[in-house]
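S.K.: My questions are about this predicted structure, shown below with the sequence.
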Amino acid sequence: MFRSANKRVVVYEGRDEDGVIEVIDEERTVRSLQFGTEARQSTMFLKDPDALALVYTHCLMTSLLFANPSPKAILVLGLGGGSVPKFILRQFPGCRVDAVEKRSSIVDVARDYFSLPADDSRLQVHLQDGLQFLSKSKPHQYDLIVVDLHDSAGMSPVVQRAEFFPACVRGLRPQGVVATNMWYGYRERGEREVRRLMHATFDNRLLFLPVAGKRNCVVLAFDQPPTADPAQVRERAREWQR
């Protein structure tokens, strides 16, 4: 364990074939997962592990305003510290969550340091590439698909493959939503390519939510036009705010 002068404590440091993995505590209040840079891949409040600590995760969960209000199944591509799966499990006791992560070391870190449950029957963690999982899974089973696939420099190259977003559409139930965290890091060209692919797949059924002060833009994509009217959306927003 390494303690720095600004009260940052490195509680874990490791490496796998994809790079550095660090777990860092700050001020004894928050814990973050980092991949060898200052960018936080996940952050957790130590006293409230299931809450959403980062603003971009709040934007991702804006998708719940448009998705099935009682979701039966949600897919999370990219586990990180497990912030989104933990939040969903707490908010929707009857929902099944499939989380896909190709790095086994990240799964271990999420369970050992970020309170990701290892024995909750509602959560299945799949050690697999996200596109491979989508291609082999049963179609039309998810009310929401969350795409949060990144490495230390930006979005994972798999998101830039032409077949990725059509595979997401295949996995959606009617009126399902795809929520994507477009953190481009140092790959602005890649971010433009992802936008192009999303427009090609979803036409204009896209809602862009820039994250204030960050290089993130969360995009909500709809295979079909949303059926919720503005009054319903406002009421759901008030409920989630509470």
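M.R.: Good, I have the coordinates. Given the structure is predicted, the values throughout are model-derived calculations rather than measurements.

S.K.: Stretch 126-146: which residues count as buried?
M.R.: Residues of stretch 126-146 classed as buried under the neighbour-count rule (16 or more other CB atoms under 10 Å) are 126, 129-131, 133-134, 137, 141-146. Quick note: C-beta positions are derived from backbone N, CA and C, even for glycine.

S.K.: Among these, list the two that are farthest apart in space.
M.R.: Asp129 and Asp143 (22.7 Å; CB to CB).

S.K.: Excluding covalently adjacent residues, which one is nearest to the residue nearest the centre of the chain?
M.R.: The chain has Asp148 as the residue nearest its centroid, 3.9 Å off, counting by CA atoms, centre = their mean. Distances taken as CB to CB, 6 or more residues apart in numbering place Gly78 nearest to Asp148, at 3.9 Å, with adjacent residues excluded.

S.K.: got the residue ranges for the helices in this protein?
M.R.: Assigned by DSSP state H, the chain shows helices spanning 55-60, 83-91, 104-113, 130-136, 164-171, 188-202, 230-241.

S.K.: Looking at those helices, which is nearest to Arg15?
M.R.: Comparing the helices of the chain by CB to CB, helix 104-113 comes nearest, at 8.4 Å.

S.K.: Direction-wise, compare the closest one with helix 83-91 and give the angle.
M.R.: Interaxial angle, helix 104-113 versus helix 83-91 (axes from the mean of the first three to the mean of the last three CA atoms, to 10 degrees): 50 degrees.

S.K.: So what's the gap between helix 104-113 and the chain middle?
M.R.: Helix 104-113 sits 16 Å away from the centroid of its parent chain (CA atoms, centre = their mean, to the nearest Å).

S.K.: from here on, count from 17
M.R.: Right, with 17 as the first residue, what we last looked at is helix 120-129.

S.K.: Name the residues of it that are buried.
M.R.: Within helix 120-129, judged by 16+ other CB under 10 Å, the buried ones are 122-123, 125-127, 129.

S.K.: That one - contacts with which helices or strands?
M.R.: For helix 120-129, the elements it packs on are strand 24-32, strand 35-42, strand 46-50, judged by 3 or more CB pairs under 8 Å, 6 or more residues apart in numbering; DSSP states H and E.
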